[in-house]
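**Q** How does the following fold in three dimensions:
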Amino acid sequence: MGGNGPLEDPIAEAERIASAATAAHVHIKLMGGAGIHLHSPSARRPPLKRKYGDLDYAMPKRERKAVLAFFPALGYEANERFNLMQGDTRLYFFDNEHGRQVDVFIDAIKMSHVIDLRGRLDHEGPCASPSDLLLSKLQIYEVNRKDLVDLTALLLDHPVESGNQEAIDAEYIADLTAEDWGFYRTLQVNIEKLGSTLDELDVDRDLVRSRLAQIWKVVEAKPKPLRWRMRAQVGDRLRWYELPEEVRSPYEPE
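**A** Numbering: from 1, shown residues only. Have a look, this model is predicted:
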């Protein structure tokens, strides 16, 4: 399956994995920067072109058994202990030759916030939807410049429309942020950061800003429940996000 082993170039490797997954009928969707690269032509050329490292995927829980066999068949080593202990929500595999990790989220992305992906991973194509790619980056509280560059490419290349798998669905984003003030607040902070980073990039800034404004107009217009409004009154005095690196690894000493 898929040749002799993982390829050195992460994008070429992501394409190899996609072809092998299609052939094996394994439903996994590429996330992260590599997912945006495959989805957005602007990410493949300066000033937004960059190098990629680890590969991130999302999958439905029903694929767990298939995925546990799939990546070792492609030359990856399973992190057996992690997969045993955390395998209901996340799986890890390692490319020993290139020092690269594959991180597979099951049913949901759990980082600074939780994005429930149930029912959102059965479409055609190797990548998560543009909306989920956008949210997977915007929900990182400690967002970095690489994330903001990736987001710029995604926003340049995808219109804001509802009901279009190839567009950014502002209604979907608004529904999620109306359920969780903390998610809303992190997106608000990161959209401000993205606006500042845009000033340093030689791209169509007006187009990116207009699409961000479109999204945020829908987010703000969505009615918020009482618990959301009560949490908003507390505001930043209480931490509203998780820091994923604080989660104890099964390899750390007690």
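
**Q** quick one: buried residues of stretch 11-25?
**A** Ile11, Glu13, Ala14, Glu15, Arg16, Ile17, Ala18, Ala20, Ala21, Ala24 (16 or more other CB atoms under 10 Å). C-beta coordinates here come from the backbone N, C-alpha and C atoms, glycine included.

**Q** mind checking how far the last one is from Phe71?
**A** Ala24 sits 11 Å away from Phe71, going by CB to CB, to the nearest Å.

**Q** what does the first one give?
**A** If you measure Ile11 against Phe71 using CB to CB, the figure is 18 Å.

**Q** do the third one as well
**A** Here the distance between Ala14 and Phe71 works out to 13 Å (CB to CB).

**Q** Spit out the residues that contact the two alike.
**A** Shared contacts of Ala14 and Phe71 (CB atoms under 8 Å, 6 or more residues apart in numbering): none.

**Q** what's stretch 135-153 in contact with?
**A** 31-33, 36-37, 40, 42-43, 48, 50, 56, 109, 111-113, 115, 128, 134, 154, 173, 176, 183, 186-187, 189-191, 193-194, 197-198, 201, 203, 208, 241-243.

**Q** what mean pLDDT does it have?
**A** Stretch 135-153 comes out with an average pLDDT of 97.

**Q** List the buried residues of it.
**A** Buried, per 16+ other CB under 10 Å, within stretch 135-153: 135-141, 143, 147-153.

**Q** now the helices: where do they sit in the stretch 101-250 of the chain?
**A** Along the stretch 101-250 of the chain, counting by DSSP state H, counting those that start in this stretch, helices occupy 130-138, 145-157, 170-179, 181-198, 205-221, 226-234.

**Q** Now these in JSON lines, please, with extra columns for distance to Tyr76.
**A** Output for the helices of the stretch 101-250 of the chain, formatted as JSON lines (distance: least, CB to CB, whole Å):
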{"stretch": "helix 130-138", "distance to Tyr76": "22"}
{"stretch": "helix 145-157", "distance to Tyr76": "24"}
{"stretch": "helix 170-179", "distance to Tyr76": "32"}
{"stretch": "helix 181-198", "distance to Tyr76": "32"}
{"stretch": "helix 205-221", "distance to Tyr76": "36"}
{"stretch": "helix 226-234", "distance to Tyr76": "41"}
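
**Q** Tell me if I'm right that Ala34 and Glu15 touch.
**A** No. At 9.6 Å, Ala34 does not count as touching Glu15 under the criterion of CB atoms under 8 Å.

**Q** On the three-state scheme, the closest residue to Phe105 other than its chain neighbours is what?
**A** Closest residue in space to Phe105, ignoring its immediate chain neighbours: Ala58 at 4.6 Å, by CB to CB, 6 or more residues apart in numbering. Three-state call for Ala58 (DSSP: H, G, I helix; E, B strand; the rest coil): strand.

**Q** Now do the contacts for Ala58.
**A** Contacts of Ala58 by CB under 8 Å, 6+ apart are Ile28, Lys29, Met31, Val104, Phe105, Ile106, Ile109, Leu117, Leu121, Ala128, Asp132.

**Q** which residues does the fourth one form a beta bridge with?
**A** I take that to be Val104. On the basis of DSSP bridges, Val104 is bridged to Tyr57, Leu91.

**Q** contacting residues around it?
**A** By CB under 8 Å, 6+ apart, the neighbours of Val104 are Ile28, Asp56, Tyr57, Ala58, Met59, Val67, Phe71, Arg90, Leu91, Tyr92, Phe93.

**Q** and Arg237, how many neighbours?
**A** 7 (other CB atoms under 10 Å).

**Q** again, but for Asp116
**A** Asp116 has 12 nearby residues by other CB under 10 Å.

**Q** now do the one 4 residues further on
**A** Arg120 sits with 18 neighbouring residues when counted by other CB under 10 Å.

**Q** State whether Met59 and Leu121 are indeed in contact, as I suppose.
**A** Yes. Assessed by CB under 8 Å, Met59 is found in contact with Leu121 at 6.6 Å.

**Q** okay, now the closest residue to Pro60 other than its chain neighbours: neighbour count?
**A** In this structure, Pro60 finds its nearest non-sequential neighbour in Leu121, 5.4 Å apart by CB to CB, 6+ apart. Counted with other CB under 10 Å, the neighbours of Leu121 add up to 19.
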